[in-house]
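In: Dropping the sequence and predicted coords here.
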Amino acid sequence: MRRPRINIVLLVLTITLFGCSSTFRVIEKPTDYSTIVAKGKTKGAVFLENASCLYCEQFDTKFSPTLEDISLAENILKSNIKTTNADRLNQGQGCPVIHKNLNKYRRQYVGYIDTNGDKVIHVNFDWNRYSIFDDIRGVYKSESESWKKKWSVIFDGCSYYWEVKINLDNEKLFDFSVNGLG
């Protein structure tokens, strides 16, 4: 009788430990300059150094973020976003509070080397967990897959869209920007 109970406990433990990914992994390669990575509910497009996007061209020295770079950036983000977001600009009253909803945004990552020689990852966030209430309020959900191939530039939309730069060397967030309400 005890044997089946132990097997069930081991099965549940195995599913719990290994069913949820603990590291980022590549799940898709839509172009030769972008890869889609995922860890649990977090999904993002990594733009490699050969990406020819208008936004990416502003950096003299780009680099292709590795899975380890993305993991580090996400850890820095999770450790610092609540403090960085203390003012809650363009959040609440129908717009998500960013630090309470991090896993509900898909990301776009581009890496560059700043003037101090530090590795920086610029991250674009766009809301990806729409509810029936968002639909009622008229929040637009794009069904396009272009976010996997082109850097998104979106105006307004409050905290459904925001961006931040993450310095991997000093482990700080900077240039935090939340879209306007317009």
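Out: Looks like it arrived, so ask away.
In: ok, what's across the strand from the spatially most central residue of the chain?
Out: The chain has residue 107 as the residue nearest its centroid, 3.2 Å off, counting by CA atoms, centre = their mean. Going by DSSP bridges, residue 107 is paired in beta bridges with residue 44, residue 125.
In: who's in contact with it?
Out: With contact set as CB atoms under 8 Å, 6 or more residues apart in numbering, residue 107 has these partners: 42-45, 123-125. Using the backbone N, CA and C atoms, a C-beta is placed for each residue, glycine as well.
In: Pull the most distant pair out of those.
Out: For these, the farthest-apart pair by CB to CB is 42 and 124; their separation is 13.7 Å.
In: re earlier: what would the contacts of residue 107 look like in CSV with distance to residue 114, pLDDT and neighbour count?
Out: Formatted as CSV, these follow (distance: CB to CB, whole Å; pLDDT from 0 to 100; neighbours: other CB atoms under 10 Å):
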residue, distance to residue 114, pLDDT, neighbour count
42, 25, 93, 18
43, 26, 95, 19
44, 21, 97, 25
45, 22, 97, 26
123, 15, 97, 21
124, 18, 96, 23
125, 21, 96, 24
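In: Kindly indicate which of these lies nearest residue 35.
Out: residue 45 (7.4 Å).
In: Would you check that the closest one makes contact with residue 36?
Out: Yes: assessed by CB atoms under 8 Å, residue 45 is found in contact with residue 36 at 5.7 Å.
In: Need the residues touching each of those two.
Out: Counting by CB under 8 Å, 6+ apart, the common neighbours of residue 45 and residue 36 are 30, 148.
In: Would you mind measuring from the residue nearest to residue 124 when sequence neighbours are not counted to residue 162?
Out: Leaving aside its sequence neighbours, residue 124 sits nearest to residue 108 (CB to CB, 6 or more residues apart in numbering; 4.0 Å). Distance of residue 108 to residue 162, given as CB to CB, to the nearest Å: 12 Å.
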